[in-house]
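Trainee: My questions concern the predicted model and sequence given below.
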Amino acid sequence: MNKLGKTGVLLIVAFLVTASAFGAYAFFFSTTKNKAESATELADRAENVEVRRDKLNLTLGTLKEQSDNIQKLDELFIKEKEIVKFTKKLESLGTDSGTKISIESLVPFLAKDNAPVLNFRIEAQGRFTDVMRTLELLENFPAKIEWSSVKISRPTEGVALVPLKKGGAPRVNEPLWKIDVAGAALNFVRE
């Protein structure tokens, strides 16, 4: 019985050692598997953050490269807070063309499709060539304008005082011409 007892004890010890080895293997395997899954998830997160950062850097670089174009594009729109600047640009056309320009009306409103529009009416007086130059400047004005009417007339009274270059005395013999222009700025933006 002693021999059987020693063999039995040895068999039990071997079984326990084997069971412990399998247990340790299972424990380390599951721990390693969990760590690998966590590491994979962390690597995916890190890759997503890196991709987002690269996209952000690319977007910022593009914005920096295109900032001049964005500024030019922004200047094409007439914002509600910049109506005064718009009117000054219109009035400066008189100085550029040698006419006297007055803005008779300036009314922002919503069109049928709820698009904001800025209606205006301008009168300009001066020599015929100056009045035509004013029309040319209005046609080339840096805004999207829909012209509703353009009237050119010659009042029965009045003559244009046309100053000579470099501060000379004005000539009085030029007939006075008048234009009445109505239009709508379609690139008006309400903010």
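Mentor: Done, it's in.

Trainee: Tell me the pLDDT of residue 24.
Mentor: The model reports residue 24 with a pLDDT of 90.

Trainee: Please, which helix or strand holds it?
Mentor: Using DSSP states H and E, residue 24 falls within helix 2-65.

Trainee: what's the following helix or strand after that helix?
Mentor: Taking DSSP H and E, what comes next after helix 2-65 is helix 67-75.

Trainee: what's next to that following helix, contact-wise?
Mentor: 63, 142 (C-beta atoms under 8 Å, 6 or more residues apart in numbering). Any C-beta I mention is one placed from the backbone N, CA and C, and that applies to glycine too.

Trainee: and the angle from the helix holding residue 24 to helix 67-75?
Mentor: 60 degrees (axes from the mean of the first three to the mean of the last three C-alpha atoms, to 10 degrees).

Trainee: who does helix 2-65 touch, helix- and strand-wise?
Mentor: With contacts taken as 3 or more C-beta pairs under 8 Å, 6 or more residues apart in numbering; DSSP states H and E, helix 2-65 sits against no other helix or strand.

Trainee: Tell me how far it lies from the chain's centre.
Mentor: Here helix 2-65 is found 49 Å from its chain centre; the criterion is C-alpha atoms, centre = their mean, to the nearest Å.

Trainee: tell me the domain boundaries of this structure?
Mentor: 1-65, 78-189 (automatic domain parsing).

Trainee: Of these, which stretch is the most buried?
Mentor: domain 78-189 (a mean of 15; mean count of other C-beta atoms under 10 Å).

Trainee: and it, average pLDDT?
Mentor: 81.

Trainee: Name the SS class of residue 143, please.
Mentor: Following DSSP: H, G, I helix; E, B strand; the rest coil, we place residue 143 in the coil state.

Trainee: same thing with residue 119?
Mentor: Taking three-state DSSP as the rule, one finds residue 119 in the strand state.

Trainee: Now the domains of the chain in TSV, please, with extra columns for distance to residue 72.
Mentor: Converted to TSV, the domains of the chain look like this (distance: least, C-beta to C-beta, whole Å):
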stretch	distance to residue 72
domain 1-65	14
domain 78-189	10
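
Trainee: For residue 30, see how far away residue 101 is.
Mentor: 85 Å (C-beta to C-beta, to the nearest Å).

Trainee: Likewise for residue 17?
Mentor: From residue 17 to residue 30 the distance is 20 Å (C-beta to C-beta).

Trainee: got it, and residue 80?
Mentor: Distance from residue 80 to residue 30, by C-beta to C-beta: 66 Å.
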